[in-house]
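> Requesting a structural model of the entry that follows:
(chains A and B)
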2 protein chains.
Amino acid sequence: MSQSNEEFISVDEVLKKLPPEDYIKVKNVLFGSETSELPLTEKAASLAKSFDFDLVSCKFNCEEEELRSPRIVRVGLFQNEIPLSPASPISKQREAVHKLAKEAIETAAAGGVNILCFQEAWNMPFAFCTKEKLPWTEYAEPAEDGPTTQFLSELSRIHNMVIVSNILERDEKHGDTIWNTAVIIDNHGDYLGKHRKNHIPRIGDFNESNYYFEGNTGHPVFETEFGRIAVNICFGRHHPLNWMMFGINGAEIVFNPSATIGELSEPMWGIEARCNAIANSYFTCAINRVGTEEFPNEFCSGDKKPAHKDFGQFYGSSYVAAPNGSRSPGLSRVKNGLLIAELDLNLCRQMKDKWCFPMTRRLDMYAESFSEAVKHDFEPQIVRK
Amino acid sequence: MSQSNEEFISVDEVLKKLPPEDYIKVKNVLFGSETSELPLTEKAASLAKSFDFDLVSCKFNCEEEELRSPRIVRVGLFQNEIPLSPASPISKQREAVHKLAKEAIETAAAGGVNILCFQEAWNMPFAFCTKEKLPWTEYAEPAEDGPTTQFLSELSRIHNMVIVSNILERDEKHGDTIWNTAVIIDNHGDYLGKHRKNHIPRIGDFNESNYYFEGNTGHPVFETEFGRIAVNICFGRHHPLNWMMFGINGAEIVFNPSATIGELSEPMWGIEARCNAIANSYFTCAINRVGTEEFPNEFCSGDKKPAHKDFGQFYGSSYVAAPNGSRSPGLSRVKNGLLIAELDLNLCRQMKDKWCFPMTRRLDMYAESFSEAVKHDFEPQIVRK
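From the prediction side, this is the model:
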């Protein structure tokens, strides 16, 4: 199923071929101040090896304060290709991807992860390109107590881990509507809440608007025992306003579970989650799937090309970005992997104090300008001779 | 005066040391789809050589349309170190930097530039770190008809070139107030309008708020014969709302004249103007000065370090970013340079149509959310157990 380009594992790996001095120079400019090593347990390493996925870890640096203790949290980002072909029976596919998730969670637990996030629509193939309803809509399930949430809740409780699970939601109480929804399960296995994707793409194969609509859950920030978190789902990462509103509501870590392919977005991938970590003085965690998914039937993509059965390679490259402009190494472009990053959440307020972005933002001015801009009789401010 | 680190000219140059295949791979991921070569006249090359600055050029690609002709425009970005020490008499410094600007304009004209932009406060040292008023405030001059605008108007008319000139403005009609202002001179040498910096930094040596205040000119877009342009001045590049409002008003090219140093911002430099070009479907042009400026008297920076007379090396690295995620090569980190990029402005609307960012932006929702967020009794949307 996978059409991995094994020659090009990641930008990070290629840059290491430079002479060491040159490597350090460009790395500092491209990726910001160095992160530190984060040693993990033997158990984590051996589990990752036995399950055949990469394990990468790092630690972000932060100044100590006198009055606040460090607020250390370990986040885990898991990226994966779907374990079974989309042609397999749905129940088998779900079983296989649940098994994979369990392996990821156990490894994350051995690595001391407090909050784990999976990729977008992690428990299914990214089938929206097909525009077919059955069987794909069968994956949709209630956010609060569907089979996937139940499955994760148990593991979450056992491992004392917050889990962010972005799935296709079936809202039975509101006309059987379908949503693209991030479910937050707290570290006691309890459903904490959900967030529905705010911005829906209509671009090439990512035409998801015939499956679900723009979310109606606002910009919730979830207060967990390990920090205040939020979820900006996939296409929302192109929207600075979406990122910003989570920040205004107090987020310290914003996860960006995604599914995106190289031809379309790879040059933007390393930029957007990072730029918005800086602009909003919080950490961002961008997670993309890997592999190439081939569907049983042909579909067309509005790109003038012939009908086809896959829409290219998901390029992985998941990473964590800090509010000070630095970032973690990226996971592989081609292989399943778990990235564990240790953060001190105190860095968020330190960066707000240093850069003063919230205070220099003039939000009142923009609230007014935007309110004008959406009126039918809006006249743009254009200066003509 | 200059403490150039001549070993590290630019990220682009270092990456070229990679094996060619690897270079192409990482370049495509890091910098987006390849730009084309843009051959310039012999005259442009020989002028740049005689004036001792780098000359770099490229062309961004764009699809042809049936109904609209290509809307080709050449932008020029000039970065420079100040030609005379800040200890020299102000009139001599101004004379020297005007001479340098004339050289840049003549070279740009030979390279077919339609719109040229200088760096922030280009006609003076970036003296705001000193917190001293005289002699630096003597550089402030009326935007419409001050000596610098008059000087540029003449050259602008001769060379049929729009010039963006970001200077210290003295507003004599409003209590002799001082502003950080971009002046737009059209290609007939006429003053078209001005924009005042919206977001003022208070960070380290960039504490400019005792010289001038937050701008009161909104987000004007200037309709020139070569396209609709706007200016996001320096610190405004950290503010996604500032970028966005220029886009809402119709900008196709947004210049970002800047002055910034490596220790503080270099890892953010390549990200911010580019991320916002993508998010707003327009071209951005980021221009930073080069060299190290040493002032006559010591000053402190609120960074616990001893008093000093300079605030580090401006790292140049000016570049152009396109709405499709690609970018130009960067100018040098250490040397004066002129970057000429040929754009087809049709790419802006093509990217709006492709990505649908304006249509999926839900601006009405954010206008409402922001209006709530600025109220004193605002309650963030936080989900607790």
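
> Tell me, how many residues neighbour the residue lying closest to residue A:248 once chain neighbours are set aside?
Among residues not flanking residue A:248 along the chain, residue B:373 sits closest, at 5.0 Å (Cβ to Cβ, 6 or more residues apart in numbering or on different chains). No exception for glycine: its C-beta is placed from N, CA and C like everyone else's. For residue B:373, the count of nearby residues is 19 (other Cβ atoms under 10 Å in any protein chain shown).

> Output the below-cut-off pLDDT ranges for the stretch 101-250 of chain A.
Of all residues in the stretch 101-250 of chain A, none has pLDDT under 70.

> what do you get if the cut-off is 90, keeping everything else the same?
Applying pLDDT under 90 to the stretch 101-250 of chain A flags residues A:204-207.

> Closest residue of it to chain B?
Residue of the stretch 101-250 of chain A nearest chain B, by Cβ to the nearest Cβ: residue A:240 (3.6 Å).

> show me what contacts the residue nearest to residue A:248?
A:245, A:248, A:363, A:367 (Cβ atoms under 8 Å, 6 or more residues apart in numbering or on different chains).

> State the helix or strand in which the nearest residue to residue A:159 once chain neighbours are set aside lies.
Excluding the flanking residues, the one nearest residue A:159 by Cβ to Cβ, 6+ apart is residue A:109, at 4.0 Å. Taking DSSP states H and E as the criterion, residue A:109 maps to helix A:90-110.

> Pull that helix out as CSV, backbone CA atoms only.
Extracted in CSV, the C-alpha atoms of helix A:90-110 (Å, rounded to 0.1, in the frame of the first residue of the first chain):
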residue,chain,number,x,y,z
ILE,A,90,-14.4,-1.8,8.2
SER,A,91,-14.5,-3.8,11.4
LYS,A,92,-11.1,-5.4,10.6
GLN,A,93,-9.6,-2.0,9.7
ARG,A,94,-10.8,-0.5,13.0
GLU,A,95,-9.5,-3.5,14.9
ALA,A,96,-6.1,-3.1,13.3
VAL,A,97,-5.8,0.6,13.9
HIS,A,98,-7.0,0.2,17.5
LYS,A,99,-4.3,-2.3,18.0
LEU,A,100,-1.7,0.1,16.6
ALA,A,101,-3.0,2.9,18.8
LYS,A,102,-2.6,0.7,21.9
GLU,A,103,1.0,0.1,20.9
ALA,A,104,1.5,3.8,20.6
ILE,A,105,-0.1,4.5,23.9
GLU,A,106,1.9,1.9,25.7
THR,A,107,5.1,3.2,24.2
ALA,A,108,4.2,6.7,25.1
ALA,A,109,3.4,5.7,28.6
ALA,A,110,6.9,4.1,28.9
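
> Identify the residues contacting it?
A:40-41, A:43-44, A:47-48, A:51, A:53, A:55, A:76, A:78, A:80, A:82-84, A:86, A:88, A:116, A:118, A:122-125, A:135, A:138-139, A:147-148, A:151-152, A:155-156, A:159, A:161, A:163, A:336, A:338, A:340.

> Out of the residues you listed, list just those in strands.
Counted as lying in strands by DSSP state E, out of those, are A:55, A:76, A:78, A:116, A:118, A:163, A:338, A:340.

> among these, which two are most distant?
For the ones in strands among the contacts of helix A:90-110, the farthest-apart pair by Cβ to Cβ is A:55 and A:163; their separation is 18.2 Å.

> More neighbours: those two, which one.
Between residue A:55 and residue A:163, counting by other Cβ under 10 Å, residue A:163 is the more crowded of the two (26 against 21).

> ok now do that one, which residues does it touch?
Going by Cβ under 8 Å, 6+ apart, the list of residues near residue A:163 reads A:105, A:115-118, A:152, A:155-156, A:184-185.

> Closest one to residue B:12 out of these, please.
When these are compared for distance to residue B:12 (Cβ to Cβ), residue A:117 wins out at 34.2 Å.

> now the strands: where do they sit in the stretch 251-385 of chain A?
Under the criterion DSSP state E, counting those that start in this stretch, the stretch 251-385 of chain A contains strands at A:253-258, A:283-288, A:290-291, A:314-315, A:319-321, A:337-344, A:382-383.

> Of all those, which one is nearest chain B?
strand A:382-383 (4.2 Å).

> name the helices or strands packed onto that closest one?
Using 3 or more Cβ pairs under 8 Å, 6 or more residues apart in numbering or on different chains; DSSP states H and E as the contact test, the elements touching strand A:382-383 are strand B:221-224.

> The strand it packs on pairs with which strands?
Its sheet considered, strand B:221-224 pairs with strand A:382-383 (parallel), strand B:227-231 (antiparallel) by DSSP bridges.

> all helices of the stretch 1-150 of chain A, in order?
For the stretch 1-150 of chain A, applying DSSP state H, counting those that start in this stretch gives helices covering A:11-15, A:20-31, A:42-51, A:90-110, A:147-159.

> could those be laid out in a markdown table, adding mean neighbour count?
Output for the helices of the stretch 1-150 of chain A, formatted as a markdown table (neighbours: other Cβ atoms under 10 Å in any protein chain shown):
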| stretch | mean neighbour count |
| --- | --- |
| helix A:11-15 | 19 |
| helix A:20-31 | 17 |
| helix A:42-51 | 16 |
| helix A:90-110 | 19 |
| helix A:147-159 | 18 |
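
> of all the ones you listed, which lies closest to residue A:312?
Across the helices of the stretch 1-150 of chain A, closest to residue A:312 is helix A:11-15 (Cβ to Cβ), at 18.5 Å.
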